[in-house]
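Q: could you work out the structure for the sequence below:
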Amino acid sequence: MKKKTGGVDWDGVFKGLKAWQAKLSVEQPSVSTVAERYRHDPWAVLVSTILSLRTKDEVTLESSRRLLEPAGSPEKLLSMEPAQIEELIYPAGFYRTKAASLKKIAEILLAHYGGRVPDDMESLLALPGVGRKTANLVLIEAFDKPGLCVDIHVHRISNRAGWLSTKTPDKTEEVLREILPVKYWKSINALLVLYGQHLCRPLSPYCSVCEIKPHCQRQGVTRSR
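A: Now for the predicted structure:
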C-alpha cells in the first residue's frame, strides 16, 4: 500500500532544499556539528541537544565544547559541582536549569543504563529536560535511527507551505509521520532549520528567491521580500 503524502511533492521539496543548501554552502545546525566532532557519541549529542534549546547555534557550539572537554562522560560530569557546570555552559539559555538537568541525567544513566545513553524514545523522554525534539535528535544523530525532529522552524514552514495545519510542534510531528516518506525523516529538521534561519523567516520571508515556491501556499504570509 502506497504511503500517504498529503498531496505534497516531497521529492520536489527536498530537491529544492538540498539545491539551495549546496549552492550557498550554508553550515549545518550546531547539534549536527557537535555530533560529527565527537564521532556521533550519544553522550555528546545528548548534552549539546539539551544546551541548544532556546540558544543560538554559536553559543551551543562553544558551551558544548567547554563542557565536554572536562565532562566527556556521565561519570565525569557527575563528579562536577553544579556551579562549575553552570559556569562552563553560560550563556546558554536557562543555563542553571540545564546544568541541574544534566546532573540528574548523568546520575540516571549511571544508575540504570550502565552510563550509556538509551536508544529508544520512551527511555529518552523519561530523562529530565528531554522532550520529543531532543529525543528525536539523539536518535538521529547518535544512533542513526529514523527519528523525526520537529522544532519551531519545521512547524512554522510546514504550516506556512500548507503541507499540514497544526497548532503545536508535537502535532506537526504526528502528522508528518503520516505523510512524510521515511527517507526524509532524518534530514527535514536540519534543512528546514537552516531554511528558516536564512530564507523563510518568521516575518517577511524571502519568497522572491524561494527554492520551494512551487510547493508553498504561503499561508499567513502578508509581507515578503
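
Q: just for the chain, where's the confidence low?
A: 1-4, 25-27 (pLDDT under 70).

Q: 50 instead?
A: Within the chain, the segments meeting pLDDT under 50 span 1-2.

Q: and the helix of greatest length in it, how far out from the chain's middle?
A: In the chain, with assignment by DSSP state H, the single longest helix is helix 95-112. Relative to its parent chain, helix 95-112 has a centroid offset of 20 Å by C-alpha atoms, centre = their mean, to the nearest Å.

Q: so how far is Asp120 from Glu178?
A: To Asp120, Glu178 is 21 Å away according to C-beta to C-beta, to the nearest Å. (C-beta placed from N, C-alpha, C; glycine too.)

Q: check contacts around Ser224.
A: Ser204, Pro205, Tyr206, Cys207, Ser208, Arg218 (C-beta atoms under 8 Å, 6 or more residues apart in numbering).

Q: residue ranges of the strands in this protein, please?
A: Ranges of strands within the chain: none, based on DSSP state E.

Q: neighbours of Lys98, just the number please.
A: Lys98 is flanked by 25 other residues according to other C-beta atoms under 10 Å.

Q: measure it to Val47 for me?
A: Taking C-beta to C-beta, one finds Lys98 at 9 Å from Val47.

Q: isn't Val59 up against Phe94?
A: No. Using C-beta atoms under 8 Å, Val59 makes no contact with Phe94, being 12.0 Å away.

Q: returning to what we had before: buried residues in the longest helix of the chain, which are they?
A: The neighbour-count check on helix 95-112 (16 or more other C-beta atoms under 10 Å) flags Tyr95, Lys98, Ala99, Ala100, Ser101, Leu102, Lys103, Ile105, Ala106, Ile108, Leu109, Leu110 as buried.
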